[in-house]
Structure formats: structure tokens, C-alpha cells
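Trainee: What shape does this take:
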Amino acid sequence: MYRYYTKGVCSKSIIMDIDENILKDVVFEGGCSGNTIGIKHLVEGKDIDEIIELLEDIPCKNRGTSCPDQLAKALRIYKEYAYNK
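Mentor: Presented below is the predicted three-dimensional model:
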């Protein structure tokens, strides 16, 4: 399990279970439940590179980020950490 503390969005953190570059489970703590549950159903079981490509730089209001964008950022950081161990 990997937890990422979000910045600039309503959700407080994102908890992820990743196995061999596949996002097995994702839970957003806080945020708009309909949107975060929708994101969960759309991304689980996908390769994290595909998720990053799909969700990176999606804005919410004038925040410059969003819950999907924060997930992409979390996955990028995870990749850097996992591959540079």
C-alpha cells in the first residue's frame, strides 16, 4: 500500500495498491464521493503509465490541479521511488 497526501484538492489523501505496474486498488479519502468512486472504477486494473497519460493536468475550477491530476502525480512519484530503490 502506498499513501499520497494530496495538495490543492478536496480529498486529503489517496491510498493505492500497485502490483507490477498495475493499479489494483485506489481509495480517495475525502473529496466528491461520486467523482472519486467513478475514477476508482475507471482506473483499477490499468497500467499506471496509461493512467498517468489519461489523467495528468486535468484541472478542477481554478486550482491548477484536480483529484485525477493528483492521482497521476502520486503515480509518477511512486514510479520514481519504485524504480530508483
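
Trainee: Now I77: closest residue in space that isn't a chain neighbour?
Mentor: Here the nearest residue to I77 in space, its sequence neighbours aside, is Y4; by Cβ to Cβ, 6 or more residues apart in numbering that works out to 6.8 Å. Glycine gets a C-beta too; all of them are placed from N, C-alpha and C.

Trainee: May I see the buried residues of the host helix or strand of the one you found?
Mentor: Element membership of Y4, judged by DSSP states H and E, is strand 2-5. Applying a neighbour-count criterion of 16 or more other Cβ atoms under 10 Å, one finds Y4 buried in strand 2-5.

Trainee: And for it, what's in contact with it?
Mentor: By Cβ atoms under 8 Å, 6 or more residues apart in numbering, the surrounding residues in contact with strand 2-5 are 12-18, 70, 73-74, 77-78.

Trainee: I'd like the residues you listed as CSV, with neighbour count appended.
Mentor: Formatted as CSV, the entries for the contacts of strand 2-5 read as follows, by neighbours: other Cβ atoms under 10 Å:
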residue, neighbour count
K12, 11
S13, 15
I14, 26
I15, 14
M16, 20
D17, 13
I18, 18
Q70, 24
K73, 19
A74, 24
I77, 12
Y78, 18
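
Trainee: List the ones among those residues that fall in helices.
Mentor: Within those, residues falling in helices by DSSP state H are 70, 73-74, 77-78.

Trainee: For those residues, give me TSV that also has pLDDT and distance to V27.
Mentor: Converted to TSV, the ones in helices among the contacts of strand 2-5 look like this (pLDDT from 0 to 100; distance: Cβ to Cβ, whole Å):
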residue	pLDDT	distance to V27
Q70	97	13
K73	97	16
A74	98	12
I77	95	17
Y78	95	15
